[in-house]
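Peer 1: need coordinates for the below:
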Amino acid sequence: MTAVNLSEHRIILGSASPRRKELLAGLDLEFTVDAETNCDEKYDPASRHDMIPLEIAKAKSKGFHRPLEDDEVLITADTMVFCGRDIMGKPKDRDDAVHMLRRLSGNTHTVVTGVYIRTNAKGQGFACTSEVTFKKLEDSEIEYYIDRYRPYDKAGAYGIQEWIGYAGITSINGSYYNIMGLPVQRLYTALKDF
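Peer 2: A predicted model of the protein is given here:
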């Protein structure tokens, strides 16, 4: 039992991300993971950047592979990196990861995570925004990181909690956990009010 009283509900994390699983576990909530969804994650690139991840999180929720039971709460999320006009999801391959990190090098970018919470009766979502600044990265640092950490499952081709976060990030403004993929403080508040 935590300060969030969901004892009459079964929480489902609709994400295969090990980071999201770890972060949600930090709230001491009991939950299961079921990431099966019928969502193609398409979006309109002309949409406001802060709305795209929320639209995708909502689509993941609506596309959940089965109807929810009356006592179930589904949590879905999506994280994207925005650098100038560039929208960065997960890199397709090594070359794409190198390109992304070169683009982020020496610049400030925005990380947005959209979260959607749903039961059979209602749903609500929110987006959380953080800014991250990288030092100027050397090509050898980019190559070392990609070869050692293989960040192909991470938006923007990096994990702030990994080597590159320690060695390359000079500042953040906003939620650290948002940058990891799940703004747990904001989620905790939303669950309390849900």
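Peer 1: now Tyr116: which helix or strand?
Peer 2: Applying DSSP states H and E as the criterion places Tyr116 in strand 108-118.
Peer 1: please apply the same query to Tyr166.
Peer 2: According to DSSP H and E, Tyr166 maps onto helix 163-168.
Peer 1: which strands and helices sit next to that helix?
Peer 2: Applying 3 or more CB pairs under 8 Å, 6 or more residues apart in numbering; DSSP states H and E, one finds that helix 163-168 contacts helix 139-149. For every residue, glycine as well, the C-beta is placed using N, CA and C.
Peer 1: hang on, the earlier thing: the strand holding Tyr116: which residues count as buried?
Peer 2: For strand 108-118, burial by neighbour count (16 or more other CB atoms under 10 Å) applies to His109, Thr110, Val111, Val112, Thr113, Gly114, Val115, Tyr116, Ile117, Arg118.
Peer 1: which one of those residues is nearest Arg48?
Peer 2: Comparing the buried residues of strand 108-118 against Arg48 with CB to CB places Val112 closest, at 9.8 Å.
Peer 1: kindly provide the distance from the closest one to Gly123.
Peer 2: Val112 sits 19 Å away from Gly123, going by CB to CB, to the nearest Å.
Peer 1: same deal with His99?
Peer 2: His99 is 36 Å from Gly123, where distance means CB to CB.
Peer 1: neighbour count winner among these two?
Peer 2: The residue with more neighbours, out of His99 and Gly123, is His99; 17 against 14, by other CB atoms under 10 Å.
Peer 1: ok, and the helix or strand in the chain with the lowest average confidence?
Peer 2: When the helices and strands of the chain are scored by mean pLDDT, DSSP states H and E, strand 86-88 comes last with a mean of 90.
Peer 1: who touches it?
Peer 2: The contact list for strand 86-88 (CB atoms under 8 Å, 6 or more residues apart in numbering) reads Pro45, His49, Ile52, Met80, Val81, Phe82, Met100, Arg103, His109, Ala155, Gly156, Ala157.
Peer 1: repeat for stretch 56-68
Peer 2: 12, 14, 34, 36-39, 41, 43, 74, 76-78, 80, 114-116, 118-120, 123, 125.
Peer 1: again, only using 6 Å
Peer 2: With contact meaning CB atoms under 6 Å, 6 or more residues apart in numbering, stretch 56-68 is reached by 14, 36-39, 41, 74, 76-78, 114-116, 118, 120, 125.
Peer 1: quick one on the thing from earlier: what helices or strands is the strand holding Tyr116 leaning on?
Peer 2: Judged by 3 or more CB pairs under 6 Å, 6 or more residues apart in numbering; DSSP states H and E, strand 108-118 is in contact with helix 52-62, strand 72-83, strand 123-134.
Peer 1: list of residues touching it?
Peer 2: 50, 53-54, 57-58, 61, 74-83, 124-133, 178-179, 183, 187, 194.
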